[in-house]
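1. dropping a prediction and its sequence here:
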Amino acid sequence: MAAERSFESIFAWLDAQIAYDREKEALHAQQEIFHREQRAVFTAELEKLTAIREAFQTAADAAIDLASRAKALPPLAPSPDIGRRKPSPTKMVARVIEIRPAGDAFGPNAIAREINRHYGERLRRPVQTKVVSIILNRMAKDGRIRLVRPGRPHQEALYARAEE
């Protein structure tokens, strides 16, 4: 009799375990279907976002390329007050500002780049941005140009020609 009970308890335990495993198998089969559907949704979204990002990257690269091109300014005409071998930095800054289009905002970096491009062969070494910044600040205080945006630690000040 004791053997019968132990066999009965073993069979009962096995039946309970089989029922539990069937239940879990059905649950995981349902989850597998759900996860397969979710994977398809996310795969489609991933492809869409990847295509958008690539298109955006291409457009951004083109925009950066266009923005990095220096504006072609007309060649400087010889000026009698800049006729010496080593021109004055203040006069060079004034001359470059004079030929810039009206309403065009500029900073010390752009002006220094233009001075070095136009007067580079007449200078012993390129003009420094810091020197140009000091000259622009002085010109703004004198009212010859106007301050468009004050400078910050990692952002240069912007200036524009004063309206005449």
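-> Yes, it's here.
2. which helix in this structure runs the most residues?
-> When the chain is parsed with DSSP state H, its longest helix is helix 2-68.
3. packing partners of the helix or strand just after it?
-> Once the chain leaves helix 2-68, the next helix or strand it forms, by DSSP states H and E, is helix 89-99. Helices and strands touching helix 89-99, as assessed by 3 or more Cβ pairs under 8 Å, 6 or more residues apart in numbering; DSSP states H and E, comprise helix 108-119, helix 129-142. Bear in mind the C-beta positions are built from the backbone N, C-alpha and C, glycine included.
4. in this protein, where is pLDDT below threshold?
-> Scanning the chain for pLDDT under 70 picks out 1-4, 68-85, 164.
5. got the domain ranges for it?
-> The record's domain parsing of the chain by automatic domain parsing lists 1-69, 80-161.
6. reformat the helices and strands packed on helix 89-99 as CSV; add distance to residue 36 and mean neighbour count.
-> Below are the helices and strands packed on helix 89-99 laid out as CSV (distance: least, Cβ to Cβ, whole Å; neighbours: other Cβ atoms under 10 Å):
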stretch, distance to residue 36, mean neighbour count
helix 108-119, 56, 20
helix 129-142, 60, 17
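7. in TSV, list those along with distance to residue 159.
-> Converted to TSV, these look like this (distance: least, Cβ to Cβ, whole Å):
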stretch	distance to residue 159
helix 108-119	9
helix 129-142	5
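8. would you tell me which of those helices gets closest to residue 31?
-> helix 108-119 (59.4 Å; Cβ to Cβ).
9. convert that closest one to PDB, retaining C-alpha atoms only.
-> C-alpha atoms of helix 108-119 as PDB (Å, rounded to 0.1, in the frame of the first residue of the first chain):
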ATOM      1  CA  PRO A 108      37.200  89.100 -36.000                       C
ATOM      2  CA  ASN A 109      37.900  85.700 -37.600                       C
ATOM      3  CA  ALA A 110      36.400  86.600 -40.900                       C
ATOM      4  CA  ILE A 111      38.100  90.000 -41.100                       C
ATOM      5  CA  ALA A 112      41.500  88.500 -40.100                       C
ATOM      6  CA  ARG A 113      41.000  85.800 -42.800                       C
ATOM      7  CA  GLU A 114      40.200  88.500 -45.500                       C
ATOM      8  CA  ILE A 115      43.200  90.700 -44.400                       C
ATOM      9  CA  ASN A 116      45.500  87.700 -44.700                       C
ATOM     10  CA  ARG A 117      44.100  86.800 -48.100                       C
ATOM     11  CA  HIS A 118      44.300  90.300 -49.500                       C
ATOM     12  CA  TYR A 119      47.400  91.700 -47.800                       C
END
